[in-house]
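Novice: predicted model and sequence follow; I will ask about them next.
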Amino acid sequence: MARYFSLLFFLSLNLCCCRSQDQGSKMSVKLRSGGSPLTLKAPVELECVISGPGLSDSGVSWMRQLRDSAPQFILFITSLGRVAPTENGKPPARFDARRENRNYRLTVKSFQEQDQGNYYCIVNHNQRLHFSSGIPLHLPAKAPKKGLGLSCDFYIWVPLTSACLLLLIALLATITVCQKTRRRRCKCKRPMNGSNGKPSMSNRYV
């Protein structure tokens, strides 16, 4: 069923959408809850607002179109408010849908990155597809962690490098001063006796 609706939506977009625009917009999608900007893993609720007569009694199909990709079928909810089973025979686990008076609501239980895209609701009434205006749902752009890391490293390593350089200069200056001080010390010489400047023999053994 998902492949059928995706193909049907893709083939009928240019044909039926133009007819709906000529007759005036009878359907629209608005954000009920979820906040702006969206939050990761938070629930998001959309509402398909139907103003055309008889359209709300035909059920609604929800579609999502990712960027540069074909539309994807999400689910179909009947006019009685029941979610039709998908290919595996079960309702989609990550989505919930219900009917509120004339309108239909879709809830993304935990919004993930793969849930981003443009959301539409479609009604098949009198053998004609009616498309709503789309609503884009995208998470806020992530901050460049690499750039932030470099700026933090810059503010940390520059003072440390400067401090190490100053310590190295102080160490070299201390070594130079110590060497000069040793050279200036007086070297004492042993007393010399005799004309030739040779040390005299001790009288101990005379």
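Specialist: Sure thing, it's come through.
Novice: and residue 156, how many neighbours?
Specialist: Other residues lying near residue 156 total 10 when counted by other Cβ atoms under 10 Å. (C-beta placed from N, C-alpha, C; glycine too.)
Novice: got it, and residue 37?
Specialist: By other Cβ under 10 Å, the burial measure for residue 37, its neighbour count, is 9.
Novice: quick check, it in a helix?
Specialist: No - assignment of residue 37 by DSSP: H, G, I helix; E, B strand; the rest coil gives coil, placing it outside any helix.
Novice: just checking, residue 33 touches residue 43?
Specialist: Yes - the pair residue 33 / residue 43 is scored as a contact, 7.1 Å apart, by Cβ atoms under 8 Å.
Novice: state the next helix or strand along the chain beyond the helix or strand bottoming out on mean pLDDT in the chain.
Specialist: Least confident element among the helices and strands of the chain, by mean pLDDT, DSSP states H and E: helix 2-22 (a mean of 45). Going down the chain from helix 2-22, the next helix or strand is strand 27-33, by DSSP states H and E.
Novice: let me see the contact set for the closest residue to residue 122 other than its chain neighbours.
Specialist: With Cβ to Cβ, 6 or more residues apart in numbering as the criterion, residue 122 has its nearest non-adjacent residue at 4.5 Å, and that residue is residue 61. With contact taken as Cβ atoms under 8 Å, 6 or more residues apart in numbering, residue 61 is in contact with 5, 73, 74, 75, 76, 121, 122, 123, 124.
Novice: can you get me a residue count around residue 60?
Specialist: 26.
Novice: beta partners for it?
Specialist: residue 77 (DSSP bridges).
Novice: so residue 120 sits right up against residue 134, yeah?
Specialist: Yes - using Cβ under 8 Å, residue 120 makes contact with residue 134 at a distance of 5.0 Å.
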